[in-house]
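Visitor: I'll drop the sequence and a predicted model, then ask my questions.
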Amino acid sequence: MKKLKTALLSYGMSGKVFHAPFLELHPRFELTGSWERSKKLIQQDYPEVKSYSSLEELLNDDVDLVIVNTPVETHYEYAKKVLEAGKHALVEKSFTTTTAEAEELRDLAKQKGLKLSVYQNRRWDSDFKTVKEVIDEKLLGDVVEAEFRFDRYNPNLSPKIHKETANAGAGVLKDLGSHLIDQAIHLFGLPNAVFADLRITRKNSLVDDLMDILLYYSDKRVRLRAGFFFREAVPAYAVHGTKGSFLKSRGDIQEDELKTGKKPTLEGWGIEPEDKAGILHTEKHGEVYRGHIPTRHGNYYGLFDALYHSITEDKPEPVPAEDGVKVMKVIDAAIQSSEQKKVIQLK
């Protein structure tokens, strides 16, 4: 079977931690190299690959797929150039900075017959996979309310300048928020309306670092929260339905293990500690049940495997560009809502 020659647009943390290890693990991907502007690091880890000095050099090479893992404000410009060069693209979150940009990229990929996917890896986290299974199996009955959180305690500004400079791609909404919005849409679809409160809480911060978003559906409400002053974490997922509730802490270990240099595998990877198991309190066969439910294994390999089959067999992308458009619609509505202090209708 064909190997997909794949290049990265940067080899910082995302390239080194989230992409290259899985491209190396998957037998049908071939990492050709990365565009490196100043620091030349990729050949220290992968001596056989190239360090491209420019985007043009990379796009002129024999490459099938390009991973756009640069700062958010550059995604639209670079992804457009990748598609215009006839390459398939995997774009980091947030997909773009506006809905209009996302729609243009989606339409361009369709026009050229190329695959365009968004790197929403948190769909393959162990905790979220477990939440999705509980909902899909109707263990809670019909969902009436849910709250998803990405809580951290880190009052210090990021050393990454692009994350703390006031620009169109910066802020918690387009960083952690895009994960939560994508998960909500993946489970429940595009909401009817959005209300949001975006704030700056860290000293000397220039970008939003606390978000509180309420998604309105006809039969449920979904709340999404993220910020940097949560030293004592509450459940990352709280889902309540007509039969009962499911509470789950954020327990996926993949990012932490990848940051230590641990290489992913197909077996025994992404297994949470047992003490992170979620609590299910519901009804089974007419009787009340309360206990822990085993956590699914997480593995970002699934995203890359689905992307490979999407490109080589013309199957749907693991996270289609249309999903990226929907996330951007919610993000744009959240910004508008916070500025105007009112509910913004989407449908």
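Guide: Cool, got the structure.

Visitor: so Y11 is in contact with R37, correct?
Guide: No: between Y11 and R37 there is no contact under Cβ atoms under 8 Å: 10.0 Å. Placement of C-beta: from N, CA and C, glycine included.

Visitor: which residues of the stretch 51-200 of the chain fall in helices?
Guide: Under the criterion DSSP state H, counting those that start in this stretch, the stretch 51-200 of the chain carries helices at the ranges 55-59, 75-84, 99-112, 126-136, 161-164, 176-188.

Visitor: which one of these lies nearest to I293?
Guide: Comparison of the helices of the stretch 51-200 of the chain against I293 by Cβ to Cβ identifies helix 126-136 as nearest, at 6.9 Å.

Visitor: avg pLDDT for that closest one?
Guide: Average pLDDT, helix 126-136: 98.

Visitor: flag every buried residue along it.
Guide: Buried residues in helix 126-136, counted by 16 or more other Cβ atoms under 10 Å: S126, D127, F128, K129, T130, V131, K132, V134, I135.

Visitor: residues making contact with it?
Guide: Residues from elsewhere that reach helix 126-136 (Cβ atoms under 8 Å, 6 or more residues apart in numbering): 122-123, 140, 143, 183, 186-187, 236-237, 239, 246, 248-254, 270-272, 276, 278, 280, 293-298.

Visitor: and if you look at stretch 275-286?
Guide: Outside stretch 275-286, the residues within contact range by Cβ under 8 Å, 6+ apart are 127, 130-131, 134, 139-141, 237, 241, 243-249, 251, 288-295.

Visitor: please state the offset of stretch 152-163 from the chain centre?
Guide: With Cα atoms, centre = their mean, to the nearest Å as the basis, the distance from the averaged C-alpha position of stretch 152-163 to the chain average is 19 Å.

Visitor: residues making contact with it?
Guide: Stretch 152-163 has contacts (Cβ under 8 Å, 6+ apart) with 71, 73, 164, 169-170, 175-176, 202-205, 207, 226-231.

Visitor: could you redo the last one with a cut-off of 10 Å?
Guide: Applying Cβ atoms under 10 Å, 6 or more residues apart in numbering, the contact partners of stretch 152-163 are 12-13, 70-74, 164, 167, 169-172, 175-176, 201-207, 209, 226-233, 250.

Visitor: got a quick PyMOL command for the buried subset of the residues you listed?
Guide: Selection of buried members from these for PyMOL, criterion 16+ other Cβ under 10 Å:
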select buried, resi 12+70+71+72+73+74+164+167+169+170+171+172+175+176+202+205+207+209+226+227+228+230+250
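
Visitor: filter the contacts of stretch 275-286 down to the ones in strands?
Guide: Taking DSSP state E as the definition of strands, the contacts of stretch 275-286 contribute Y237, G241, S245, F246, L247, K248, V288, Y289, R290, G291, H292, I293.

Visitor: mind checking pLDDT for the nearest residue to the last one once chain neighbours are set aside?
Guide: To tie it back to what came earlier, the one meant is I293. Nearest residue to I293 in three dimensions, chain neighbours excluded: L280, at 4.6 Å (Cβ to Cβ, 6 or more residues apart in numbering). L280 carries a pLDDT value of 98.
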